[in-house]
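>>> Please work out how this folds:
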Amino acid sequence: MEKAVVPVTKHLEKKNNIFVIFILLILVIEKPSFANEDLLHEGKILSHFAGCYGCHTSKNNTEFSGGYEIRTKYGIFITPNITRDNNHGIGNWTESEFIKAIKTGVSPQNTPYYPSFPYVWFQKMSEEDIIKIFEYIKSLTPDNKKREKHTLKFPYNFRNLIWIWKILNEKISHSSETIILKNNNNLLSRGKYLTEVVGHCGACHSPRTWFSIVKNKSDLSGRGESFKNGKDSAPNITSAEKIGIGLWSESDIIFYLQTGIKPDGDFANEDMQSIIDDGTSHLSKKDLKAIATYLLK
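Model prediction:
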């Protein structure tokens, strides 16, 4: 019985089809990796500007492994390990649990976090930005260090009292606007989002009530407390010319947030310099311009 003869052109056609499919598979596989790189890069910038890196990275330790001491009049807060370690980090956390912690200050075990973790400022952070931070942290090397507990004075050592503080904070604290826009070409809106929410500048630069609650998150007139050393008051950074930064130019503010050098040649204090080094210096020129526009409004 004679074998059927398959034309050469059909062999070539088959090989060409296989080649095309192979190329398409490469393109499909490669495309998400580029998108993932962009997401991680944005997550890195956000984690630095939001203070995650600065507060959860102590000297000579792995990034985000905690151990940083925040000395306040209430006692000493020790930041936890937030690497993706399953035992002592957040390796077992889901995306929704991370979002809940950032926005509400409540752990996966439904215990409240002390407000040394600035979740009250992150309430209006977009979930998209929070997920970027989460994905970036998960991409880093885990660390199995178990951190010590806070050493707080009475009665602040009773964690459940934070539930009362949270209720009072919700009733008293507010922003000058109900909604803060994130993705907006308007520099003023973008600057407000970066300043009041992600950068939580008011955590140090806004006046506080007797119960350490910021009454108006849009008030950056100073007299707030620095959680880093428990005694310094942050200055007025409003557009007031005599007591604020109203005489600073837009380029003055941008240069200061990049370097820590003021228009008069003086330098930022130690606390602010660490925020600049770990946070604002990582921002794009466009975002720094947005912050400057908002501060000088």
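>>> Pull out the buried positions in stretch 196-205.
Glu196, Val197, Val198, Gly199, His200, Cys201, Gly202, Ala203, Cys204, His205 (16 or more other CB atoms under 10 Å). From N, CA and C alone the C-beta is placed, and that goes for glycine too.
>>> and what of stretch 233-251?
Ala234, Pro235, Asn236, Ile237, Thr238, Gly244, Ile245, Trp248.
>>> Skipping adjacent residues, who's closest to the second one in space?
If you skip the residues right next to it in sequence, Pro235 has Gly222 as its closest partner in space, 4.9 Å away by CB to CB, 6 or more residues apart in numbering.
>>> and if you look at the fifth one?
Distances taken as CB to CB, 6+ apart place Gly244 nearest to Thr238, at 4.2 Å, with adjacent residues excluded.
>>> Any figure for the gap between that neighbour and Ser221?
7 Å (CB to CB, to the nearest Å).
>>> Touching both of these two, which residues are there?
Common contacts of Gly244 and Ser221 (CB atoms under 8 Å, 6 or more residues apart in numbering): Asn236, Thr238.
>>> Mind checking the pLDDT average for the helix or strand where Tyr53 lies?
Element membership of Tyr53, judged by DSSP states H and E, is helix 52-56. The average pLDDT for helix 52-56 rounds to 94.
>>> now that helix: how far from the chain's centre is it?
Remark: helix 52-56 is offset 9 Å from the chain centroid, using CA atoms, centre = their mean, to the nearest Å.
>>> Per-residue pLDDT of the closest residue in space to Thr57 that isn't next to it in sequence, please?
Computed as CB to CB, 6+ apart, the closest residue to Thr57 that is not its neighbour in sequence is Glu63, at 5.1 Å. If you check Glu63, the pLDDT there is 93.
>>> Show me where the stretch 101-250 of the chain has its strands.
151-152 (DSSP state E, counting those that start in this stretch).
>>> Can you pull the phi/psi pair for the residue most central in space within the chain?
Centroid-nearest residue in the chain: Ala50, 2.4 Å away (criterion: CA atoms, centre = their mean). Backbone torsions of Ala50, given as degrees, to the nearest 10, read phi -80, psi -10.
>>> Quick check, it in contact with Leu194.
No: if you go by CB atoms under 8 Å, Ala50 and Leu194 don't touch, sitting 9.9 Å apart.
>>> related to what we said a few turns ago, could you list which of the buried residues of stretch 196-205 belong to helices?
Gly202, Ala203, Cys204, His205 (DSSP state H).
>>> Quick check: Lys171 vs Thr209, distance?
Taken as CB to CB, the span from Lys171 to Thr209 is 11 Å.
>>> now Phe117
19 Å.
>>> same question, Pro115
Relative to Thr209, Pro115 is positioned 13 Å away (criterion: CB to CB).
>>> So which of those two has more stuff around it?
Pro115 (21 against 12; other CB atoms under 10 Å).
>>> Put the alpha carbons of stretch 202-216 into CSV.
In CSV, the C-alpha atoms belonging to stretch 202-216 read as follows (Å, rounded to 0.1, in the frame of the first residue of the first chain):
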residue,chain,number,x,y,z
GLY,A,202,-0.2,66.5,59.8
ALA,A,203,0.8,63.7,62.1
CYS,A,204,3.6,66.0,63.2
HIS,A,205,2.6,69.4,61.8
SER,A,206,-1.0,69.6,63.0
PRO,A,207,-2.2,70.8,66.5
ARG,A,208,-3.5,68.1,68.8
THR,A,209,-6.2,68.0,71.4
TRP,A,210,-5.6,67.0,75.0
PHE,A,211,-6.3,63.4,74.0
SER,A,212,-3.7,63.5,71.2
ILE,A,213,-6.3,63.8,68.5
VAL,A,214,-5.7,66.0,65.4
LYS,A,215,-8.9,68.0,65.2
ASN,A,216,-8.3,69.3,61.6
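>>> Tell me the gap between that stretch and the middle of its chain.
Here stretch 202-216 is found 20 Å from its chain centre; the criterion is CA atoms, centre = their mean.
>>> low-confidence ranges in the stretch 1-150 of the chain?
Low-confidence segments of the stretch 1-150 of the chain (pLDDT under 70): 1-35.
>>> hang on, Thr151 packs against Thr72?
No: Thr151 sits out of contact with Thr72 when judged by CB under 8 Å, with a separation of 10.9 Å.
>>> And for the helix holding Tyr53, what's in contact with it?
Contacts for helix 52-56 (CB under 8 Å, 6+ apart): 47-48, 63-66, 68, 70, 79-82, 133, 137, 274-275, 278-279.
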